[in-house]
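In: one predicted model, sequence on top.
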Amino acid sequence: MLYLECYSGISGDMTVAALLDLGADREKLLDGLSSLGLSGYEVKIGRRVKCGVEACSFDVELSGDEDGGSHDYVEHEHGGGHEYGHGHGGDHVHGHGYEHGDDHVHGHEDSHGCGGVCVHEHGAGHVHEHGDGHNHGHGHSHEHRNLADITGIIRRSGMTERAKETALRIFGIVAEAEAKVHGKTIPEVHFHEVGAVDSIVDIAAAAICLDDLDITEAVISDIWEGSGHVRCQHGILPVPVPAVVAVAGAHGLYLRMTDTRGEMVTPTGAAIAAGIRTRERLPESFRIIKTGMGAGKKDFPKANILRASLIEERPQAGEVSRTGEVAEAETGLWMMETNIDDATGEALGYVMERLFRAGARDVCYLPAFMKKNRPAWLMKVVCDEENREKLEEIIFRHTTTIGIRRYPILRTVLPRQIRTVETSYGPARVKEVRRGELAFCYPEYEDVARYADQSGKPFQDIYEEIKRQAEAF
């Protein structure tokens, strides 16, 4: 299970970086991206320090005079002027907003609310991206790709089928959001080549890494977002930008607004979160297997890092964990305790036998001193819920106790099996216990005792020899 902590927002490149830091195979990622057949970009994977914390970085740099729009403009609330800042996480989605004449806007956007989306509107005041072969000195041609075109790119790639489905699901979320923002149908929404290249790379990269890590479930924290305004292709927009709002609204993402100036959540990042989330809350009890850090480009007052964790929920009854453990159900076992200071050893031995026959998981006596320093025994009984009342009846009937303490317990049990091995003394039963890749063998007492009697050798020597021979198999 993956847990993404989006306390500094989320973007496509931050997600990929965090997954790489979590252990996703870099060569598989690069091979998968190469199979897309796209050109005009370069992937750079490195390390970046944020607030003293080192994290992985993943950058998609576009060829040509422009870098794909990796900057944004953050407008001040009180008018007159703007702050020029670096993009949040390298989704390359923050358009430069170049204006070419009256009512004609040409921008390099990927998913900044207008998302690099080319919406054709003909007539007065139209917004229109330039067609094939139209070059403004950026060093690259401009193509329009709609969702069907991008689907073909993904389908023809060498990515695994699971990675393809993940990527297409995320791109579908982006397309739905952009169509809603612009009031168009999904086929009418086109992704400009400059925006689409790095958008395809970010989303495909995330899908490849998720597949390599074998992520089957994901939990997304509240997604923290900044404040203010950003300048994009179609003008100045409030944070969160419309596409992020559309994704969050359609897929039930929880946003938490902050006073941090600037955009912390990109539509690509929001779409990834929506596309991979399988449950809203963390398990009540879990352990962390591994963590990874993905760094964004901006510097905020707090570390601009997306933390990803591989976590494992506490196994339920009969389930085997990653380490080979089998855990009992959390509410299925009880511990019963009582102090006994006026029972004979024979009586206590009889009670133990009766408790085991009645279904007790474990019974033991511990020496104790009660009030007035009277020596006594502390009886401890582990049992299932279904047997508890029956075992209490045995204790009350056959001992002098007048009260039993009880409380639910958790237990982790290593998987075990009894197998018979051929030894130099003859066949012997051995209990084999496993934890992950480790295996332990424990000879059964009755067989060791029998061979000790037959051979005249010490019990411990027989025990160690059977154990050694069993572990050799």
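Out: The structure has been received and is ready for your questions. Numbers count the residues shown, from 1 in each chain.

In: below-threshold pLDDT in the stretch 301-450 of the chain: ranges please.
Out: The stretch 301-450 of the chain contains residues with pLDDT under 70 at 315-331.

In: swap the cut-off to 80 and go again
Out: 314-332, 411-413, 436-437 (pLDDT under 80).

In: quick one, strands of it?
Out: 305-313, 326-327, 333-340, 362-369, 375-384, 405-409, 412-413, 416-423, 426-435, 438-443 (DSSP state E, counting those that start in this stretch).

In: count the neighbours of P427 for me.
Out: Using other Cβ atoms under 10 Å, P427 has 9 neighbouring residues. (Glycine included, C-beta is placed from N, CA and C.)

In: what's across from it in the sheet?
Out: E422 (DSSP bridges).

In: over to R435?
Out: Going by DSSP bridges, R435 forms beta bridges with L438.

In: phi, psi of K298?
Out: phi -70, psi 160 (degrees, to the nearest 10).

In: repeat for P240
Out: phi -70, psi 150.

In: can you pull the contacts of it?
Out: By Cβ atoms under 8 Å, 6 or more residues apart in numbering, the contact set of P240 is 225, 248, 255, 263, 265.

In: correct me if wrong: the fourth one contacts V230.
Out: Yes - counting by Cβ atoms under 8 Å, E263 touches V230, with 5.3 Å between them.

In: looking at these two, which one has more neighbours?
Out: Remark: of E263 and V230, E263 carries more neighbours, 31 against 26, as counted by other Cβ under 10 Å.

In: ok so, going back, could you identify which of the strands of the stretch 301-450 of the chain is most buried?
Out: strand 305-313 (a mean of 21; mean count of other Cβ atoms under 10 Å).

In: hang on, V16 packs against A207?
Out: No - counting by Cβ under 8 Å, V16 stays clear of A207, with 9.7 Å between them.

In: so for those two, which sits in the more crowded spot?
Out: Set V16 next to A207 and count neighbours by other Cβ under 10 Å: V16 wins out with 34 against 29.

In: next one: the more buried one from G32, what distance?
Out: In this view, V16 and G32 are 12 Å apart by Cβ to Cβ, to the nearest Å.

In: list residues touching both of those two?
Out: By Cβ under 8 Å, 6+ apart, the residues touching both V16 and G32 are A205.

In: helices and strands around the one helix or strand G226 maps to, which ones?
Out: Here G226 sits within strand 223-227, counting by DSSP states H and E. Under the contact definition 3 or more Cβ pairs under 8 Å, 6 or more residues apart in numbering; DSSP states H and E, strand 223-227 sits against strand 255-261.

In: other SSEs contacting the strand it packs on?
Out: strand 223-227.

In: and the closest residue to T260 other than its chain neighbours, how many neighbours does it have?
Out: In this structure, T260 finds its nearest non-sequential neighbour in G226, 4.3 Å apart by Cβ to Cβ, 6 or more residues apart in numbering. By the measure other Cβ under 10 Å, the count of residues near G226 is 22.

In: the one 5 residues further on too?
Out: Around R231 sit 21 other residues, with neighbours defined as other Cβ under 10 Å.

In: sheet-wise, list the partners of the helix or strand encompassing it with their directions.
Out: Taking DSSP H and E as the criterion, R231 maps to strand 229-232. In the sheet containing strand 229-232, its partner strands are strand 71-75 (antiparallel), strand 235-238 (antiparallel), by DSSP bridges.

In: ok, of these, where does mean pLDDT dip lowest?
Out: If you rank these by mean pLDDT, strand 71-75 sits at the bottom with a mean of 43.

In: mind listing what's buried in whichever strand or helix holds D453?
Out: In this structure, D453 sits in helix 445-455 according to DSSP H and E. For helix 445-455, the neighbour count (16 or more other Cβ atoms under 10 Å) marks 447-448, 451-452 as buried.

In: picking up where we left off before, in CSV, list the strands of the stretch 301-450 of the chain along with distance to K467.
Out: Shown next, in CSV, are the strands of the stretch 301-450 of the chain (distance: least, Cβ to Cβ, whole Å):
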stretch, distance to K467
strand 305-313, 31
strand 326-327, 23
strand 333-340, 30
strand 362-369, 23
strand 375-384, 27
strand 405-409, 30
strand 412-413, 21
strand 416-423, 10
strand 426-435, 7
strand 438-443, 5
